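Asker: Could you work out the structure for the sequence below:
(one chain, ligands or ions: 3)
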Amino acid sequence: MASNGKDTAENAAKEVRISHTRLRGIDVMRDPKLNKGLAFTLEERQLVGIHGLVPPCFKTQDEQVYRVLQNFYHFESDLDRYIYLIGLQDRNEKLFYRVLTEQIELLMPIVYTPTVGLACQKYGLVFRRPRGLYITINDLGHVYEILCNWPERKISVIVVTDGERILGLGDLGAQGMGIPVGKLSLYTACAGVDPQHCLPIVIDVGTDNETLLKDPLYIGLPQKRTRGEKYDQLIEEFMQAVVKRFGQNTLIQFEDFGNSNAFRFLEKYRGQYCTFNDDIQGTAAVAVSGVLASLKITGKKLSENTILFQGAGEASIGIAHLLMKAMKEEGSSEEESLSKLWMVDSKGLLTQGRPSGGLTEHKMTFTKKYKHMSNLEEIVREVKPNIIIGAAAVPGAFTEQIIKDMASFNERPVIFALSNPTSKAECTAEQAYTITEGRCIFASGSPFQPVTVNGKTHHPGQGNNAYIFPGVGLAAILCGIRHITEDVFLATAKALANLVQQEDLDSGRVYPPLTKIRDVSASIAVEIAKYAYKHNMAAHYPEPADKDDFIRSQMYSTDYSSFVPDRWSWPKL
Ligand SMILES: NC(=O)C1=CN([C@@H]2O[C@H](COP(=O)(O)OP(=O)(O)OC[C@H]3O[C@@H](n4cnc5c(N)ncnc54)[C@H](OP(=O)(O)O)[C@@H]3O)[C@@H](O)[C@H]2O)C=CC1
Ligand SMILES: CC(=O)C(=O)O
Ligand SMILES: [Mg+2]
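Answerer: Ligands and ions are numbered 1, 2, ... in the order given. Presented below is the predicted three-dimensional model:
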């Protein structure tokens, strides 16, 4: 963890971190949790019986970090870098997390968006050894037994997908496994959740992706998606089996489910389990945080903004509901708030009784009594938003004309291109900054390089739920929060916005830099912990007096442990 300069329990524990294992010889090196590469001391090599199996040199973890980075730079493609890093995770877990934590800006775009999207598309090719659990529709009635096959007994957080909407890339079936794997890597790198307590899961009910079904390398069930009652039964059995196997405090994060299932399962399970939907709720919190931080630049009240969404799906609907909640806190009525929120889906502006139809229950809330329009450029000219948010996976949707118009209505237009991966972004950072002559407040779901306009360099912030779920999850796990309410996500959005410094705003960012994300996640967790104990939502007692110290002391350390003789497993001499 990033040192906060305090003499925390974690810092004290570092001095005496000890590994006990009954494994001996080559098995120690083959266990990624125990393997220290070339960092085993001579004594340890003799103790666990690997002397001679490791080259006769001794390298600290720092020295091994150097080797990892040399390898990383040696590869020419990001997919090869992804394969290399996953290989490292499989071989030497502490080293993997050490490098990922220290080089988060460099490596997050590989283990997460955008490269993880490509890795999922090519998962059949990338596949080396399995990571995570695969539960298929054929396992109905046996889900608990499959969970019991997982080698760890204590699981604190599960990220589960059925692969139907992987980033903005559509249905990737079981190959969506890259997403739970990547998200959970961030739980550890960004929030210090012990990787041993994390479990990535794919629910494989088939795929409707014809290309994958024809692909000999596809790793999932080669069949069309099972839908309806049988699918719901599998999810229900899965939820119950998780609690039976790992306990009711296990956090279950739904990720990249298709639209209607995502909303259905959130409604169904939010009051029964410790669960949230990252695409609806995590995204809502990160976007609302970005909007709140932008107010420090524009000097406006939240409710003084007109906000237009391109897309009316999980992300947009989630963001809009949380914005309404924030506006209500600011003093606006529901009617006033709704009048500020405009949405466009694949059939155009959400208007009451529009001829093109397609208005689901979730969209109905945001329909306007207004003439129907379907062209985004015309809608922008008509609505004149201050803030435009893209989450429809339509690349280039924010055209030059739209960006120009945003800059003509607003001194500081807010432009969030949230769709992932980079290939699906509504516009690039370069387009946004150059067309607005550096005046826009820009954020994007996937990272963009800094852009210099008229001699000023702008560092675009990454408006990605990665700023939210690790901290929320850490707090939920440590405090035993049974149900994660919308209020928690609003508190998280505010906490994150409060962490944005003037220097961030000056450099064009409405988020703290990624380099601080571990500290940011810890601070978010502390705020949620305070909130949870104050509102009787925490099940773990006694309540920690110093929550900051408590949270930080529980975070996973990437330092190698020392091996000492295990007195139970060694024969007496
Ligand atoms: N930055 C972040 O942290 C996050 C980013 N995202 C990204 O947001 C994108 C959308 O995700 P999500 O909301 O979950 O997906 P959904 O499938 O739930 O929603 C997509 C929405 O886009 C709309 N849409 C599709 N084509 C068009 C079009 N041509 N014009 C206008 N709207 C269109 C759809 O319309 P219709 O309803 O008519 O089908 C739907 O409302 C993805 O790229 C995803 O990666 C998602 C979560 C987090
Ligand atoms: C970031 C994320 O969760 C998504 O794009 O789906
Ligand atoms: Mg997602």
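
Asker: contacts, neighbours, all on C-alpha from now
Answerer: OK.

Asker: Tell me which residues touch the spatially most central residue of the chain, please.
Answerer: Taking CA atoms, centre = their mean as the criterion, Ala466 is the residue nearest the geometric centre of the chain, at 3.7 Å. Taking CA atoms under 8 Å, 6 or more residues apart in numbering, we find Ala466 in contact with Lys183, Leu186.

Asker: Do a quick rundown of the helices in the stretch 51-200 of the chain.
Answerer: 61-74, 78-91, 93-102, 104-111, 115-121, 123-126, 143-149, 178-191 (DSSP state H, counting those that start in this stretch).

Asker: circling back to that earlier point, separation between the residue nearest to the centre of the chain and Val344?
Answerer: Distance, Ala466 to Val344, by CA to CA, to the nearest Å: 25 Å.

Asker: coming back round to it: ranking the helices of the stretch 51-200 of the chain by mean neighbour count, which comes first?
Answerer: Neighbour counts (mean count of other CA atoms under 10 Å) averaged over each of the helices of the stretch 51-200 of the chain peak at helix 178-191, with a mean of 27.

Asker: Now do that one: everything it contacts.
Answerer: For helix 178-191, the external contacting residues (CA under 8 Å, 6+ apart) are 97, 100-101, 111-112, 116-117, 119-120, 123, 131-132, 159-161, 166, 193-195, 198-202, 255, 466, 469-471, 473-474, 517-519, 521-522, 555-556.

Asker: Could you list the low-confidence segments of the stretch 1-150 of the chain?
Answerer: 1-16 (pLDDT under 70).

Asker: Enumerate the residues of it near ligand 2.
Answerer: Residues of the stretch 1-150 of the chain found near ligand 2 (CA under 6 Å from any ligand atom): none.

Asker: Find the closest residue to ligand 1 in the stretch 1-150 of the chain.
Answerer: Proximity of the stretch 1-150 of the chain to ligand 1 (CA to the nearest ligand atom) peaks at Thr113, 8.9 Å away.

Asker: got the contact list for that residue?
Answerer: Asn420, Pro421, Thr422, Ser446.

Asker: helix/strand/coil for the last one?
Answerer: By that I understand Ser446. coil (DSSP: H, G, I helix; E, B strand; the rest coil).

Asker: coming back round to it: indicate which one of the helices of the stretch 51-200 of the chain is closest to Leu350.
Answerer: Nearest of the helices of the stretch 51-200 of the chain to Leu350, taken as CA to CA: helix 115-121 at 29.8 Å.

Asker: Residues touching that closest one, excluding its own?
Answerer: So helix 115-121 is contacted by 78-79, 82, 109-110, 126, 166-167, 169, 172, 175-179, 182, 421 (CA under 8 Å, 6+ apart).

Asker: Quick check: end-to-end length of stretch 254-274?
Answerer: Across stretch 254-274, first to last residue, CA to CA, it's 11 Å.

Asker: Please identify the buried residues of it?
Answerer: 254-258, 262-263, 265-266, 269-270, 273-274 (16 or more other CA atoms under 10 Å).

Asker: Just those: which are in helices?
Answerer: Residues of those located in helices (DSSP state H): Ala262, Phe263, Phe265, Leu266, Tyr269.

Asker: Which one of these is nearest to Lys230?
Answerer: So of these, ranked by how close each gets to Lys230 (CA to CA), first place is Phe265, at 14.5 Å.

Asker: so what's that closest one scoring on pLDDT?
Answerer: pLDDT, Phe265: 98.

Asker: can you give me the strands for the stretch 151-300 of the chain?
Answerer: Applying DSSP state E, counting those that start in this stretch to the stretch 151-300 of the chain gives strands spanning 157-161, 198-204, 251-254, 275-277.

Asker: now those in a markdown table, with distance to ligand 1?
Answerer: Listed next are those as a markdown table, based on distance: least, CA to the nearest ligand atom, whole Å:
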| stretch | distance to ligand 1 |
| --- | --- |
| strand 157-161 | 12 |
| strand 198-204 | 17 |
| strand 251-254 | 11 |
| strand 275-277 | 10 |
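
Asker: Including mean pLDDT, could those go into CSV?
Answerer: Compiled in CSV, the strands of the stretch 151-300 of the chain are given as follows (pLDDT from 0 to 100):
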stretch, mean pLDDT
strand 157-161, 98
strand 198-204, 98
strand 251-254, 98
strand 275-277, 98
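
Asker: Which of those sits closest to Arg24?
Answerer: strand 198-204 (25.3 Å).

Asker: do stretch 340-349 and ligand 1 meet at all?
Answerer: Yes: counting by CA under 6 Å from any ligand atom, contacts between stretch 340-349 and ligand 1 involve Val344, Asp345, Ser346, Lys347.

Asker: buried sites along that stretch?
Answerer: So stretch 340-349, judged by 16+ other CA under 10 Å, has buried residues Lys340, Leu341, Trp342, Met343, Val344, Asp345, Lys347, Gly348, Leu349.

Asker: contacting residues around the residue lying closest to Gly220 once chain neighbours are set aside?
Answerer: Among residues not flanking Gly220 along the chain, Ala174 sits closest, at 4.8 Å (CA to CA, 6 or more residues apart in numbering). For Ala174, the contact set (CA under 8 Å, 6+ apart) comprises Tyr134, Asp162, Gly163, Val202, Ile203, Asp204, Gly206, Thr207, Ile219, Gly220, Leu221.

Asker: burial measure for the third one, as a count.
Answerer: Applying the criterion other CA atoms under 10 Å, we find 29 residues in the vicinity of Gly163.

Asker: In strands only, show me the contacts of Thr113.
Answerer: Among those, DSSP state E puts none in strands.

Asker: can you give me phi and psi for the residue of the stretch 351-500 of the chain found nearest ligand 2?
Answerer: Going by CA to the nearest ligand atom, ligand 2 is nearest to Asn420 of the stretch 351-500 of the chain, at 4.9 Å. The phi and psi values for Asn420, taken as degrees, to the nearest 10, are phi -120, psi 160.

Asker: try the one 5 residues further on
Answerer: Recorded main-chain torsions at Ala425 are phi -60, psi 140, according to degrees, to the nearest 10.

Asker: so it touches Gln431, yeah?
Answerer: No: in this structure Ala425 lies outside contact range of Gln431 using CA atoms under 8 Å: 11.2 Å.

Asker: Give me the more crowded residue out of those two.
Answerer: Ala425 (26 against 17).

Asker: need the contact list for that one.
Answerer: Per CA under 8 Å, 6+ apart, neighbours of Ala425: Gly390, Ala393, Val394, Pro395, Gly396, Ala417, Leu418, Ser419, Ser444, Gly445, Ser446.
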